[in-house]
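# when you get a sec, could you give me coordinates for this:
(2 chains)
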There are 2 protein chains.
Amino acid sequence: MQLLSDLLGRPATAIDTPALVIDLDAMERNLAAMAAFAARHKVRLRPHAKMHKSATLARLQMAHGAVGVCVQKTSEAEALAALGVNNIYISNEVVSPSKLKRVIAVAGELEALGGQLAIAVDSLEGVRALAQAQQGKHSGIHVFIEIDVGQGRCGIAPGAAAVALADEIKRHPGLKFAGLQAYHGRAQHFRSVAERQQGIAQVVGHVQATQVALQAAGHTVPLVTGAGSGTFALETASGVYGELQAGSYLFMDRDYATNEQDPSQPKFEHALFVKSQVMSVCASHAVIDAGHKSHAIDSGLPAVHGLDLTYSNGGDEHGILHGAVLPALGETVWLIPGHCDPTVNLHDHLLGVRGGLQHGVVEQIIAVDARGALT
Amino acid sequence: MQLLSDLLGRPATAIDTPALVIDLDAMERNLAAMAAFAARHKVRLRPHAKMHKSATLARLQMAHGAVGVCVQKTSEAEALAALGVNNIYISNEVVSPSKLKRVIAVAGELEALGGQLAIAVDSLEGVRALAQAQQGKHSGIHVFIEIDVGQGRCGIAPGAAAVALADEIKRHPGLKFAGLQAYHGRAQHFRSVAERQQGIAQVVGHVQATQVALQAAGHTVPLVTGAGSGTFALETASGVYGELQAGSYLFMDRDYATNEQDPSQPKFEHALFVKSQVMSVCASHAVIDAGHKSHAIDSGLPAVHGLDLTYSNGGDEHGILHGAVLPALGETVWLIPGHCDPTVNLHDHLLGVRGGLQHGVVEQIIAVDARGALT
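Residues are numbered from 1 along each chain as shown, chains lettered A, B, ... in the order given. Just a heads-up that it's a prediction; the model follows:
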């Protein structure tokens, strides 16, 4: 393997391929734009760290005003807590007793760091298993009730169903009802602004119906948390959401760029690239050394950055380029991944380049601390 | 994270989900069936380690008669060589001088271990860059010329084009022409036996045309290497191939099971599974904790093992199950991944279970040594 520490201060041309590279200038502009949006609209920002899985980037976001981060998995929380990230929300259900034991251990670690753990639930059994694991431990857990606002995945039905869950949470002194988890992932990728407006209007209706039912039953709802990089201005404008979970804004997927730009959202730049190299050329096509072990293809194939070439899937380790002017053997080709989150999860490190991809210098090596943290 | 060493000797039920589990009994039957096939047909077996990326499994295959392993990447060769695997063929092109320097270093390591490195080329520039890197080093490199036998990816055109490459290899004393690399990946997945027979007949025709051209120019062709788990009996029957590179046979993808069974090939069993757990249930569906960060979906979604349920993609961390009888909250669900190679690459360890998935015991923890080895 190329010794990564040897790369610091060297030109980006020295990076062996394929490798995942951050354009630090672009990333920092995205970071600042999102922080400014949250500050201007007086909404909390809790970016989803499932995207970058990095304690360094979580701390960077918190230094720029984020209240903490979200994760999806207990092991992601463990990896970030071990590196000092002290405010973590597992925005997902955990039901197995062995994992809940780990959740409670992380809660203790965060408390020791002066922070707090939160988690989502969507079943009575889930609340009881969590309370069972927490019993007798010092750390109190903040619990959000997830409602299904149209995603069709986890979450209880909007409205009255939340009452029984909030009642159950109240019964356990180690648990504290923190509010509602309401995220519609697919709506992030509705292509037109009008479709996204309609989608989030429905989401907000579901949240409000649930708030009404809870309040009628004597519960207060401290916070509504959710929203992603495709729609967060809409959730913010609703006045119902107090916290945004957008994560992709930092790197910006190729897929998000396909959305019609909403003028009420900041415009983010692509900041994450796969550096690849042409390893074979013939009359009809060129082959690069980056296949779907280098970048995830669940949201489609990557785009080729800055060149008029199309990428076809060449399997695990190869990409096939077609176009009128093919690149030469050995040439560098930069790809924009279709979906950042699972792409980052394929890599142990992100190489931060300052001064542009072509002529920049490797300034930072960022570990993907929770890479492969699945459980 | 769950402490993996604590799992040894414990029932498979104790494994936190999602996790990648090998049914060791099934894997060993696959291992023996393939070894018996190669022995019976007097053909060399050099399984592709891009599939398991594990030195333990590479050594197991070599203990059962394999002459060595193939890899696709220099970093895979480095990872396996560091753990004592001494006969490695990089069945892929490497053209960058910095990586070729690493290739030559691995060749020296393998020589010290009493073994040998081989690599593929498909351009004059590639041969010259390899020779340049090798210059003055002790280790000789075995070089295969890759021909494009229908895959439409790397490789020179079949026939006369190989002569110039073989001539160039001959000019460099540190390089030794080892034969032809001829692999048609897509043909592995042609669904009917007749289509695969036709596909491999064309492959064999291309190989023979290239052999004739090389022989007419005074070159001998020591070996033809290639073939995969979908067609290897056909390459073997041709009499032209001396070495098989099949790798997936050990674990068996869900996708390969879709092929019409060729009676001339051993029938392999699924031996690789994702253990997952139901984390949310509603009237219409159940949600499990395994999404496409747990298994690759380039060859389609996973199948649900032993239950009449269909899996829909629920994103990075979730799978959505539909069926007449939904599993209960907390229940274990076993998935058969669509494609083993990129699925294994998502995991740091494979948990080997003896005695069946349901009632078996964790016997072995196998590191995925070359996980994420991309360069």
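# and the helix or strand encompassing A:Ser276, is it in reach of chain B?
Remark: A:Ser276 resides in strand A:272-281, with elements defined by DSSP states H and E. Yes: judged by CB under 8 Å from any CB of the partner chain, strand A:272-281 and chain B are in contact via A:277-281. Bear in mind the C-beta positions are built from the backbone N, C-alpha and C, glycine included.
# how about the strands in the stretch 251-375 of chain A?
Assignment of strands within the stretch 251-375 of chain A using DSSP state E, counting those that start in this stretch yields the ranges A:272-281, A:286-288, A:303-304, A:310-313, A:319-322, A:332-336, A:349-354, A:361-367.
# CA atoms only for stretch A:6-14, dumped as PDB, please.
What follows is the C-alpha trace of stretch A:6-14 in PDB, where atoms were taken according to Å, rounded to 0.1, in the frame of the first residue of the first chain:
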ATOM      1  CA  ASP A   6       4.200  10.200   2.700                       C
ATOM      2  CA  LEU A   7       1.500  12.000   0.700                       C
ATOM      3  CA  LEU A   8       1.100  15.000   3.000                       C
ATOM      4  CA  GLY A   9       2.300  18.100   1.300                       C
ATOM      5  CA  ARG A  10       2.800  16.400  -2.000                       C
ATOM      6  CA  PRO A  11       0.800  17.200  -5.200                       C
ATOM      7  CA  ALA A  12      -2.500  15.400  -5.800                       C
ATOM      8  CA  THR A  13      -0.800  13.800  -8.800                       C
ATOM      9  CA  ALA A  14       1.200  11.600  -6.400                       C
END
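# and it, what's buried?
If you call a residue buried by 16 or more other CB atoms under 10 Å in any protein chain shown, then stretch A:6-14 has these buried ones: A:7, A:12.
# likewise stretch A:194-206?
When neighbours are counted by 16+ other CB under 10 Å, the buried residues of stretch A:194-206 are found to be A:196-197, A:199-200, A:203-204, A:206.
# so where do the helices sit in the stretch 201-350 of chain A?
Using DSSP state H, counting those that start in this stretch, the helices of the stretch 201-350 of chain A run over residues A:232-238, A:340-344.
# just so I know, which of those helices lies nearest chain B?
When the helices of the stretch 201-350 of chain A are compared for distance to chain B using CB to the nearest CB, the nearest one is helix A:340-344, at 5.4 Å.
# do the closest one and chain B come into contact?
Yes: with CB under 8 Å from any CB as the measure, helix A:340-344 is seen reaching chain B through A:341-342.
# average pLDDT for that helix?
Taken as a whole, helix A:340-344 carries a mean pLDDT of 98.
# packing partners for that helix?
strand A:272-281 (3 or more CB pairs under 8 Å, 6 or more residues apart in numbering or on different chains; DSSP states H and E).
# between strand A:332-336 and the strand it packs on, find me the angle.
Orientation note: strand A:272-281 sits at an angle of 140 degrees relative to strand A:332-336 (axes from the mean of the first three to the mean of the last three CA atoms, to 10 degrees).
# so what's the gap between strand A:272-281 and the chain middle?
Using CA atoms, centre = their mean, to the nearest Å, we find the averaged C-alpha position of strand A:272-281 to lie 25 Å away from the chain's own average C-alpha position.
# which parts of the stretch 251-375 of chain A sit against chain B?
A:277-282, A:284-285, A:287, A:292-294, A:296-298, A:313-318, A:320, A:329-330, A:341-342, A:345-348, A:371-375.
# what's the PyMOL line that selects buried ones from these?
Per 16+ other CB under 10 Å, the buried members of these correspond to this PyMOL selection:
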select buried, chain A and resi 277+278+279+280+281+282+285+287+292+293+294+296+297+298+314+315+316+317+318+320+329+330+341+342+345+346+347+348+371+372+373+374+375
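# what about stretch A:78-98, near chain B?
Yes: Stretch A:78-98 is in contact with chain B by CB under 8 Å from any CB, via A:78-79, A:92-96, A:98.
# what about the helices in the stretch 51-200 of chain A?
Assigned by DSSP H, counting those that start in this stretch, the helices in the stretch 51-200 of chain A fall at A:55-63, A:74-81, A:97-112, A:124-134, A:161-171, A:193-216.
# reformat the ones you listed as a markdown table; add mean pLDDT.
As requested, the helices of the stretch 51-200 of chain A are arranged in a markdown table below (pLDDT from 0 to 100):
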| stretch | mean pLDDT |
| --- | --- |
| helix A:55-63 | 98 |
| helix A:74-81 | 98 |
| helix A:97-112 | 97 |
| helix A:124-134 | 97 |
| helix A:161-171 | 98 |
| helix A:193-216 | 97 |
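# which non-adjacent residue is nearest the residue of the stretch 51-200 of chain A found nearest chain B?
Residue of the stretch 51-200 of chain A nearest chain B, by CB to the nearest CB: A:Cys154 (4.0 Å). Spatially, and ignoring its direct neighbours in sequence, A:Cys154 is nearest to B:Ser280 (4.0 Å; CB to CB, 6 or more residues apart in numbering or on different chains).
# and the gap between A:Glu363 and A:Leu374?
30 Å (CB to CB, to the nearest Å).
# excluding its backbone neighbours, what's nearest A:Gly126?
Setting aside the residues directly before and after it, A:Gly126 is nearest to A:Val95 in space (CB to CB, 6+ apart), at 5.2 Å.
# ramachandran coordinates for the one you found?
phi -120, psi -20 (degrees, to the nearest 10).
# hmm, A:Gly338 is touching A:His292, no?
No: A:Gly338 lies out of contact with A:His292 (CB atoms under 8 Å); the separation is 10.1 Å.
# tell me which of the helices of the stretch 51-200 of chain A sits nearest to B:Ala66.
Taking CB to CB as the criterion, B:Ala66 comes closest to helix A:74-81 out of these, the separation being 34.6 Å.
# now for that closest one, which elements pack on it?
Secondary-structure packing of helix A:74-81 (3+ CB pairs under 8 Å, 6+ apart): helix A:55-63, strand A:69-71, strand A:87-90, helix A:97-112.
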